[in-house]
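*Asks:* requesting a structural model of the entry that follows:
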Amino acid sequence: MSHKSQSSPPFHSAFTKNCSASFLTGGDPALAAGDYDSAIDLYLAAIDLDSASDVVFANRSKAKLGKMLWEDALLDAQKVRWRLRFYSPC
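*Replies:* Numbering: from 1, shown residues only. Got it, this is the predicted structure:
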């Protein structure tokens, strides 16, 4: 019988944070350069690592707008709005 711990080991958290930072710092220049496909992929990787902030969704929305993916961009923008509404400090 195996038992899974509820919390992540410290090295897991540090690894996730470092990887996420790499994806975020790569996504911003890709977005600025108009490389929307790369930006979307990098922001998605950051989201998959469970480190998505409203800025990540907002930037991915901008990249999707650049590719004229209107509905996908709107969904990301709505996630920003939702996150700001429910995660902002009172």
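
*Asks:* can you show me the CA trace of the helix or strand encompassing residue 80 as CSV?
*Replies:* Assigned by DSSP states H and E, residue 80 belongs to helix 70-87. Provided in CSV are the C-alpha atoms of helix 70-87 (Å, rounded to 0.1, in the frame of the first residue of the first chain):
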residue,chain,number,x,y,z
TRP,A,70,-10.8,35.7,-30.9
GLU,A,71,-12.8,33.2,-28.9
ASP,A,72,-9.6,31.8,-27.2
ALA,A,73,-8.4,35.2,-26.4
LEU,A,74,-11.7,36.1,-24.9
LEU,A,75,-11.6,33.0,-22.7
ASP,A,76,-8.2,33.9,-21.3
ALA,A,77,-9.4,37.5,-20.7
GLN,A,78,-12.4,36.2,-18.8
LYS,A,79,-10.0,34.1,-16.7
VAL,A,80,-8.1,37.2,-15.8
ARG,A,81,-11.3,38.9,-14.8
TRP,A,82,-12.4,35.9,-12.8
ARG,A,83,-9.0,35.6,-11.0
LEU,A,84,-9.0,39.3,-10.2
ARG,A,85,-12.5,39.1,-8.8
PHE,A,86,-11.9,36.1,-6.6
TYR,A,87,-8.2,36.1,-5.8
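
*Asks:* could I get the buried residue list for that helix?
*Replies:* Across helix 70-87, burial judged by 16 or more other CB atoms under 10 Å covers 72, 73, 76, 77, 79, 80, 83. Bear in mind the C-beta positions are built from the backbone N, C-alpha and C, glycine included.

*Asks:* what sits up against that helix?
*Replies:* Applying CB atoms under 8 Å, 6 or more residues apart in numbering, the external contacts of helix 70-87 come out as 53, 54, 57, 58, 60, 61, 62, 64, 65.

*Asks:* in helices, which of these appear?
*Replies:* 54, 57, 58, 60, 61, 62, 64, 65 (DSSP state H).
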